[in-house]
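>>> sequence and predicted structure below; questions after.
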Amino acid sequence: MLLLASLALFLAGSYSHAKNAATGFAIAKNDPVKLRNFLLRMPKGGDLHNHLTGTIYAESYLGWAAEDGKCWDVSARSIVSGPCSADAISFADVYPGGRLTPRLTIDPIIDSLSTRNFRLRGESGHNQFFATFARFAEATVGRRGEMLAEATHRAGRQNIVYLELMQSTGMLEAALLGKATANLEEELGMRVDHGELDKIVDNVVGELDEWEAKARKVNNCESEQASPGCDVKVRYLAQVLRIWAPEEVYAQTVLAYKLIKADPRIVGLNFVAPEDHPIALRDYSMHMEFIREIGTMFPEQTRGITLHSGELALGLVPPEHLGWHITEAIDVAGARRVGHAVDIAHTPDLYRLLKKMAEEEIMVEINLTSNDVILGIKYPYHPFELYMEYGVPMALSTDDEGVSRIDLTHEYQLATQTFDLNYARLRALSRNALQYNFLPGAALFEDTFAGEMVDPCAGESAADDGVSLDCQVFLDKNEKAALQWDLEKRYAAFEESFK
Ligand SMILES: [Zn+2]
C-alpha cells in the first residue's frame with residue numbers, strides 16, 4: 001500500500017513536471033526567440049533523414065579545401081583538386097582569412113554551395129539545391145571522419161540522441177561493376193558478381209571504422225573536453241543512386257542489402273537523387289521491383305527499407321507521375337518508412353493508403369524546409385496535418401541541413417509555428433524518431449503521444465531512479481527500447497528543470 005501510495009505520488013510529481021514543461025512551452029511558443037531556446041534544449045530523439053554530405057556546412061568544406069590545397073573553379077562554380085590553374089581561386093589564399101575580401105570571394109562561393117540567398121538569384125530552389133552536391137564533392141575526399149564529427153557535434157549540441165546518416169560509400173564501385181558485368185536476364189542471385197560485391201562490402205566496413213575513429217579524435221571523445229557529439233549514437237543507411245542505368249542501380253541495391261547484413265552499423269537502405277530525374281521517373285516501378293525481389297534473398301534486412309517517395313509536385317513533373325510512388329514504395333518495395341511523401345494528395349485511393357500507413361505504422365520522414373525550397377510545397381499544401389489526422393506516424397528531419405543552412409531545432413520550430421503544435425505533439429514527434437528507427441529490438445512505446453509504454457515497462461517512469469526487474473530485462477534485450485529509455489531520462493531531466 002505504501003509502495004502504491006508513493007508510486008502515485010511519484011507519478012503525480014513527474015506528471016506535474018511534464019505539465020510545467022508544457023506550460024513553459026506555451027509561454028515560449030509565442031516568442032520566436034524563447035521558442036528557439038526551448039526547442040534547442042528539448043531532447044530530440046533523432047534525425048532519420050539526413051544525408052551526410054548535405055549535412056556539412058559550406059564553411060567546413062572551404063576549410064578542408066584550403067588545407068588540402070584545393071581550388072575554386074570560377075566558371076564551373078565547383079571545388080576542384082589542386083594545383084590551381086591561373087584563373088582558379090586557391091582556397092589557401094582566401095580561407096579562412098586571406099588577401100582577397102570575403103564579400104567578393106567567399107560569400108558567392110558559400111551561396112553556390114548552399115541554398116543561401118537562392119531567391120536573390122536566377123535559379124530555382126530545386127536546381128540550386130541539387131547542383132550543390134557535385135560542386136562540393138571534391139572537398140569530401142578524405143574528410144569523412146571530420147564530416148561525421150561535425151554531424152554528431154551539431155546533433156549533440158541540440159540534445160539529439162541518435163542519427164541515421166545516409167551515405168553512398170561503395171556505391172560507385174558497385175555501379176561500375178554492374179555496368180561492366182551485370183546481366184539482368186539471368187536467374188535471381190546470378191545477375192551480379194556477388195564475390196566482387198563482397199569485396200566492396202569489406203572495404204566499406206573498413207572505411208566506416210576509419211571514419212568513426214577519426215570522428216572520435218576530432219571530437220576529443222577520449223578527453224575531458226569531449227564534444228557533446230561523442231554521446232550521439234550513429235547508424236548508417238546505404239544510399240543507392242537512382243539516376244543511373246538499371247544494371248548500375250541493381251548492383252547498388254544488392255550491395256546495400258549486403259552491407260546491412262554484414263555490419264550492424266548499417267541498418268537500412270534508401271534510394272536517392274532527384275525523384276523527378278528522367279531516369280528515376282522512367283525506372284521507378286522497376287526500382288521498386290528490384291528492392292522487393294532482391295529482398296527475397298535478404299529477408300532479415302528488409303526491415304530497414306526507407307525510400308524517398310512522393311518528393312514530387314504538380315508542375316515539376318507531368319501529373320501522370322504523381323500519386324502512386326508512395327503506394328508502390330510501400331506495397332511493392334515494402335518500405336517501412338517514406339521520405340517527403342508530399343504528393344499524396346494526388347493518390348486515387350488516398351484514404352486507403354492513409355489508413356494502411358496508420359495501421360502498419362509506416363512512418364513519414366518530414367522535411368519541411370527542404371520541401372519548401374526544392375518543391376515550393378509548404379502550408380497549406382503540405383500534407384503534415386492530413387497525416388496527423390489519420391494517425392500516420394511522423395518524425396521531423398533535416399534532409400540536408402548544411403545545404404539548407406538549418407538544423408533540426410529549426411525544423412521543430414518551423415513545425416510548431418506552422419501547424420500550431422503543442423508540447424505533447426512535439427514530444428511525440430521526437431519519440432517517433434526512435435520508435436521508428438532501424439535499430440534492432442522491440443520498441444518501448446505502445447503510443448508515443450500518450451507516452452504509454454509496452455508491457456514490461458508499462459506504468460514506469462524514467463523520472464524514477466530505479467526500474468522494475470522485468471522492464472530492465474526488456475531494456476537489456478532490446479537496443480531500440482534502451483535508447484528510447486535514455487531519451488525518456490533526458491525528458492525527465494528537461495521537464496524537471498521547469499518545476
Ligand atoms: Zn533526402
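Everything's here; your move.

>>> name the helices or strands packed onto whichever strand or helix holds R490?
Here R490, judged by DSSP states H and E, is contained in helix 479-496. If contacts are counted by 3 or more Cβ pairs under 8 Å, 6 or more residues apart in numbering; DSSP states H and E, helix 479-496 sits against helix 2-29, strand 160-167, helix 423-435, helix 469-477. For glycine as for every other residue, the C-beta is placed from the backbone atoms N, C-alpha and C.

>>> what about the closest residue to N478 other than its chain neighbours, neighbour count?
Nearest residue to N478 in three dimensions, chain neighbours excluded: G441, at 3.2 Å (Cβ to Cβ, 6 or more residues apart in numbering). If you count neighbours by other Cβ atoms under 10 Å, G441 ends up with 15.

>>> repeat for A450
10.

>>> and what of L165?
If you count neighbours by other Cβ under 10 Å, L165 ends up with 23.

>>> and the residue nearest to N478, how close does it get to K477?
7 Å (Cβ to Cβ, to the nearest Å).

>>> swap in M288?
From M288 to K477 the distance is 34 Å (Cβ to Cβ).

>>> any stretches of the chain with poor pLDDT?
For the chain, the stretches with pLDDT under 70 are 1-15, 98-103.

>>> let's go with 50 and repeat that
1-3, 5-11 (pLDDT under 50).

>>> so which residues of it form strands?
44-51, 71-73, 78-80, 89-90, 160-167, 233-241, 266-272, 306-309, 337-340, 363-366, 394-396, 445-447, 452-453 (DSSP state E).

>>> got the ones you listed as TSV, with distance to A139 columns?
Listed next are the strands of the chain as TSV, based on distance: least, Cβ to Cβ, whole Å:
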stretch	distance to A139
strand 44-51	15
strand 71-73	10
strand 78-80	5
strand 89-90	14
strand 160-167	15
strand 233-241	19
strand 266-272	19
strand 306-309	24
strand 337-340	25
strand 363-366	26
strand 394-396	28
strand 445-447	41
strand 452-453	45
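
>>> closest to D111 out of the ones you listed?
strand 71-73 (12.5 Å; Cβ to Cβ).

>>> returning to that earlier point: quick one, which of M288 and K477 is more surrounded?
Taking other Cβ under 10 Å, M288 and K477 do not tie; M288 has more neighbours (23 against 12).

>>> that one against I326, yeah?
No. Counting by Cβ atoms under 8 Å, M288 does not reach I326; the two are 10.8 Å apart.

>>> okay, and the common contacts of the two?
The contact sets of M288 and I326 do not overlap (Cβ atoms under 8 Å, 6 or more residues apart in numbering).

>>> for the nearest residue to I160 once chain neighbours are set aside, list the residues it contacts.
With Cβ to Cβ, 6+ apart as the criterion, I160 has its nearest non-adjacent residue at 4.7 Å, and that residue is K44. Residues near K44 by Cβ under 8 Å, 6+ apart: 158-161, 408-409, 412, 430, 433.

>>> can you pick the most crowded of the residues you listed?
Going by other Cβ under 10 Å, A433 tops those with 29 neighbours.

>>> now do the contacts for that one.
44-48, 162, 395-397 are the contacts of A433 under Cβ under 8 Å, 6+ apart.

>>> quick one on the thing from earlier: now the residue nearest to I160: how far from A180?
44 Å.

>>> flag every buried residue along stretch 239-249.
239-244, 246-249 (16 or more other Cβ atoms under 10 Å).

>>> can I get it in CSV, CA atoms only?
Extracted in CSV, the C-alpha atoms of stretch 239-249 (Å, rounded to 0.1, in the frame of the first residue of the first chain):
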residue,chain,number,x,y,z
GLN,A,239,22.0,5.1,-50.3
VAL,A,240,21.5,3.8,-53.8
LEU,A,241,21.8,6.4,-56.6
ARG,A,242,18.6,6.0,-58.6
ILE,A,243,19.5,8.1,-61.7
TRP,A,244,21.9,5.6,-63.3
ALA,A,245,21.3,2.6,-65.7
PRO,A,246,19.2,-0.4,-64.5
GLU,A,247,22.3,-2.6,-64.2
GLU,A,248,24.1,0.0,-62.1
VAL,A,249,21.1,0.5,-59.8
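
>>> and the contacts of that stretch?
Here stretch 239-249 has contacts from 51, 166-168, 171, 174-176, 178-179, 182-184, 252-253, 256, 269-275, 277, 279-280, 283, 286-287, 290, using Cβ under 8 Å, 6+ apart.

>>> in helices, which of those fall?
171, 174-176, 178-179, 252-253, 256, 279-280, 286-287, 290 (DSSP state H).

>>> out of these, which end up buried?
171, 174-175, 178, 252-253, 256, 279-280, 287, 290.

>>> between those, which sits nearest G69?
Nearest to G69 among those, with distances taken as Cβ to Cβ, is M171, at 27.0 Å.
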